[in-house]
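# okay, here's the prediction I keep looking at, along with the sequence it came from:
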2 protein chains.
Amino acid sequence: MQADNRPLRADARRNRQRILEAARQAFAAEGRAVSLDEIARRAHVGPGTLYRHFPTKEALFEAIIQERLRSLIEQARAARTAADPAEALFTTIDATVADAQAKAELIDALTGAGIDVQSTVAAMTAEFRQEMARLLTRAQEHGTVRRDVGIAEVMALLGGVILALRGRPALPGMNPERALSVLRDGLRSPASAPATFEPGVHQPSPGQEAG
Amino acid sequence: MQADNRPLRADARRNRQRILEAARQAFAAEGRAVSLDEIARRAHVGPGTLYRHFPTKEALFEAIIQERLRSLIEQARAARTAADPAEALFTTIDATVADAQAKAELIDALTGAGIDVQSTVAAMTAEFRQEMARLLTRAQEHGTVRRDVGIAEVMALLGGVILALRGRPALPGMNPERALSVLRDGLRSPASAPATFEPGVHQPSPGQEAG
DNA sequence: CGCTAAACGGAGACATCGCCCCGTATGTCG
DNA sequence: CGACATACGGGGCGATGTCTCCGTTTAGCG
């Protein structure tokens, strides 16, 4: 473990990138459950090399998860200044779900499935949570979101939808948008609710694009 | 493996009950993740004894989960004839959440976390799902629940709430009832919604609604 | 081109878990 | 009370997964 500022050797840096890329794919597909050997194999490096770069599995996981979380936090932060506070909250929720749907490791991170993350990940999830709380409060002050729910309930429901979308073997005919629309309408303040509900056809909401 | 109808020996039956009781507690506390040795230890029997009674982990898990699922299915079936279809659905959802909150193994069963349950459990969860679908359809025909959601979405959200309630390290200040009330209001048909939302705490601010 | 140190990578130590075997203890019945 | 079958239980096997050691390769540089 060298602490000096000497740059990594060319092959070392190349292998490190390979490992990260393989880990990205592996974690996205399987979540935290993939074995390090599997990642090493996909990266065409030996397990020893993997260990050299990331002393523990946590370290590798953190490296991957941090970029995802940072992206989400930034999205949430950007939404803070949006014109419509409720839409800002809902859009961020949508984005989170959409992201996590393709990135299983996010699920593990957000739900703490890896058990004891005593690490940076915990801090970043806390930060994300705080950012979401800000969006929620703003929407509540605006009167478009019911005031009797806290960030804990919102995060629980959000995490729930995410978890439900994944991992399940079956759930045939499951439509993420519809599930989210239920969450949306449930969160809306009764007075101010035109609701996303459409009697005839369900109108798909725009995917993930931040403001 | 004796197929004859000879009754089990006294100590055998006693140990079987001990194992079941220990497994109940262990699965309820930790879900499917607990090791057989741990269960055997808690039951004050050897691993060999455990294996004698339940040849695989699945077998033991099934034995425990079946009683839980049967109870839930019966509740759902009983609710089928209730006067208010929407309340019948919501009450059953509440009951399921309440049950699962204290029984982690139910979560694993309902969400299929144990991966491949090629077994009775799968059949029973399917049955439960079907029963829920019946409640949902009835509530929709009654006009009190929005028609653009299917059983898949409801089960996903339900499972999500359950999962969110558990497993998380923190989630401070989380209130299951409030989370469920969001789900409830989200499921309600817009026209027929007095909602569980209580205007007492809510101070309607003259906000501009979303476009 | 040749030397040095950094990096590689495979074999394996170590732990865990599900599952199994067999010597021993004990309940059951004549 | 004695004999036999039944059940106990601990040690152990094989598989899997994380992490480590060390002989070999290769990049970097004069």
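Thanks, I have the structure now. It should be emphasised that the depicted structure is a prediction, and the values quoted were computed from it without experimental measurement. Numbers count the residues shown, from 1 in each chain, chains lettered A, B, ... in the order given.

# pretty sure A:Asn15 sits against A:Ala43.
Yes: assessed by CB atoms under 8 Å, A:Asn15 is found in contact with A:Ala43 at 7.4 Å. Just so you know, the C-beta spots here come from the backbone N, C-alpha and C atoms, and that holds for glycine as well.

# tally of neighbours for A:Asp11?
9 (other CB atoms under 10 Å in any protein chain shown).

# render the CA-only coordinates of the helix or strand hosting it in CSV, please.
Using DSSP states H and E, A:Asp11 maps to helix A:10-30. Only the C-alpha atoms of helix A:10-30 are listed here, as CSV (Å, rounded to 0.1, in the frame of the first residue of the first chain):
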residue,chain,number,x,y,z
ALA,A,10,0.4,1.8,-17.1
ASP,A,11,-0.7,-1.8,-16.9
ALA,A,12,-1.8,-1.2,-13.3
ARG,A,13,-4.0,1.6,-14.3
ARG,A,14,-5.4,-0.3,-17.2
ASN,A,15,-6.2,-3.3,-15.0
ARG,A,16,-7.8,-1.1,-12.4
GLN,A,17,-10.1,0.3,-15.0
ARG,A,18,-10.9,-3.2,-16.3
ILE,A,19,-11.8,-4.3,-12.8
LEU,A,20,-14.0,-1.2,-12.2
GLU,A,21,-15.8,-1.8,-15.5
ALA,A,22,-16.3,-5.5,-14.8
ALA,A,23,-17.5,-4.7,-11.3
ARG,A,24,-19.9,-2.1,-12.6
GLN,A,25,-21.5,-4.6,-14.9
ALA,A,26,-21.4,-7.4,-12.4
PHE,A,27,-22.9,-5.4,-9.5
ALA,A,28,-25.5,-3.9,-11.8
ALA,A,29,-26.6,-7.3,-12.9
GLU,A,30,-26.4,-9.2,-9.7
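
# wait, does the next helix or strand after it make contact with DNA strand D?
Later in the chain than helix A:10-30, the nearest helix or strand by DSSP H and E is helix A:36-42. Yes: for helix A:36-42, a contact with DNA strand D is found by CB under 7 Å from any atom of the strand, at A:Leu36, A:Asp37.

# for helix A:36-42, packing partners?
In terms of contacts (3 or more CB pairs under 8 Å, 6 or more residues apart in numbering or on different chains; DSSP states H and E), helix A:36-42 is packed against helix A:10-30, helix A:47-53, helix A:57-79.

# ok, the residue in chain A positioned nearest to chain B - how many residues close by?
Of the residues in chain A, the one nearest chain B is A:Gly160, at a distance of 2.3 Å by CB to the nearest CB. Using other CB under 10 Å, A:Gly160 has 25 neighbouring residues.

# thought it was touching B:Arg166?
No: with contacts counted by CB under 8 Å, A:Gly160 stays clear of B:Arg166, the gap being 10.5 Å.

# where does chain A have low pLDDT?
In the predicted model of chain A, residues A:1-5, A:112-118, A:167-172, A:191-211 satisfy pLDDT under 70.

# Three-state assignment for A:Gly186, please.
helix (DSSP: H, G, I helix; E, B strand; the rest coil).
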